[in-house]
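Student: Generate coordinates for the sequence data below:
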Amino acid sequence: MRPFKFTGPASPGAAIAAAAANQHAKFIAGGTNLLDLMKEDVERPDELIDVSALPFTRIERIVSARGTGVSIGGMARNTDTANHPLIRKDFPLLSQAILAGASAQIRNMASNGGNLLQRTRCPYFYDTAMPCNKRAPGTGCGAREGFSRMHAIFGWSEKCVAVHPSDMCVALAALDAMVHITGTNGKKRSIAFTDFHRLPGDTAEKDNNLEHGELITAIEIPDNHFSNHSYYLKIRDRASYAFALVSVAAGVEANGNNIVKAHIALGGVAHKPWRAVEAEDFLAGKAASEDNFKKAAGLAIVNARPLAYNSFKPGMCKMAIVHALNKAMKGSNS
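Tutor: Numbering: from 1, shown residues only. As a prediction, the model looks like this:
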């Protein structure tokens, strides 16, 4: 690990100003991803700005321009968020997704904002001897012609085929979350969650649409009617501490056995959480039947472009969507 300066500003303004003054500075909260990357010499900040003590840990009901909902602080821990009574009762999909991720020890340290900002676990990204446009723009993508079993089937480019690793983010995409951000001079802005992360295009090194020095202060989730019919399914190589081959966050608003609205997001398949919009549109107003679930799942994978070693993923996605919708309709929202 390279030498770095460590600071702990007492206020959000001071933290943001410190980051803005140094293009090589990074915010750190739990450090569960950043420190690993520094040890591997993938990330090389010369200053770490500790934001873990800043006052963005509240989880509370709010009324905003979007209506009623809940706000979860950017510095709240993943464990505290997953186990909060408001989240477990009204947004069980988020609780399920968080608890499916990492290990209890990591969830106890990881912040919500940091979860959104974690970087891919692509082995070519972590190996500094290999070409990687995300780590070193212009060097190429080792995974493109390499062992691509864990990699993308949607939205990838010749520059990058990595996938986003978060479980929490898949649920937030399905829940139409909004990310609240504060930048220099106290400037505030908000980004719809589905616009927060980026597809690789020609700028694979950019994971999201944050500007340097901007700080995630809160994540807002609008109220919905999914609490009784939601399910997070994660398919992985082992039962714990493994990243998703495919995951599905499914939330259904139902009137009896008829679907009023369904939200479906996929993980492990793209550079960002992937909303299955075609499947959602098809299901609106349909009966909650196995046949309709299969048709919707078929629509969700129409644009899949598997790589050399992940041709199983489209079929896995299809089966996973059907299973998650069935579980959601049965009220499996523990």
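
Student: the strands in the chain, which residues?
Tutor: In the chain, the strands defined using DSSP state E lie at 5-7, 25-28, 47-50, 59-64, 67-73, 178-182, 188-192, 215-222, 230-235, 246-255, 258-267, 274-275.

Student: would JSON lines of those strands with mean neighbour count, distance to residue 103 and mean pLDDT be doable?
Tutor: Any C-beta I mention is one placed from the backbone N, CA and C, and that applies to glycine too. Converted to JSON lines, the strands of the chain look like this (neighbours: other CB atoms under 10 Å; distance: least, CB to CB, whole Å; pLDDT from 0 to 100):
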{"stretch": "strand 5-7", "mean neighbour count": "12", "distance to residue 103": "25", "mean pLDDT": "98"}
{"stretch": "strand 25-28", "mean neighbour count": "22", "distance to residue 103": "20", "mean pLDDT": "98"}
{"stretch": "strand 47-50", "mean neighbour count": "18", "distance to residue 103": "23", "mean pLDDT": "98"}
{"stretch": "strand 59-64", "mean neighbour count": "13", "distance to residue 103": "22", "mean pLDDT": "97"}
{"stretch": "strand 67-73", "mean neighbour count": "19", "distance to residue 103": "21", "mean pLDDT": "98"}
{"stretch": "strand 178-182", "mean neighbour count": "22", "distance to residue 103": "25", "mean pLDDT": "98"}
{"stretch": "strand 188-192", "mean neighbour count": "13", "distance to residue 103": "29", "mean pLDDT": "98"}
{"stretch": "strand 215-222", "mean neighbour count": "23", "distance to residue 103": "22", "mean pLDDT": "98"}
{"stretch": "strand 230-235", "mean neighbour count": "25", "distance to residue 103": "14", "mean pLDDT": "98"}
{"stretch": "strand 246-255", "mean neighbour count": "25", "distance to residue 103": "17", "mean pLDDT": "98"}
{"stretch": "strand 258-267", "mean neighbour count": "23", "distance to residue 103": "18", "mean pLDDT": "98"}
{"stretch": "strand 274-275", "mean neighbour count": "24", "distance to residue 103": "25", "mean pLDDT": "98"}
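
Student: quick one: which of these is nearest residue 148?
Tutor: strand 246-255 (14.3 Å; CB to CB).

Student: in its sheet, what does that closest one sit against?
Tutor: Strand pairing for strand 246-255, using DSSP bridges, gives strand 230-235 (antiparallel), strand 258-267 (antiparallel).

Student: Confirm for me that residue 56 is in contact with residue 71.
Tutor: No. Look at residue 56 against residue 71 with CB atoms under 8 Å: they stay out of range, at 9.7 Å.

Student: Would you format the strands paired with strand 246-255 as TSV with distance to residue 210 included?
Tutor: Output for these, formatted as TSV (distance: least, CB to CB, whole Å):
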stretch	distance to residue 210
strand 230-235	25
strand 258-267	20
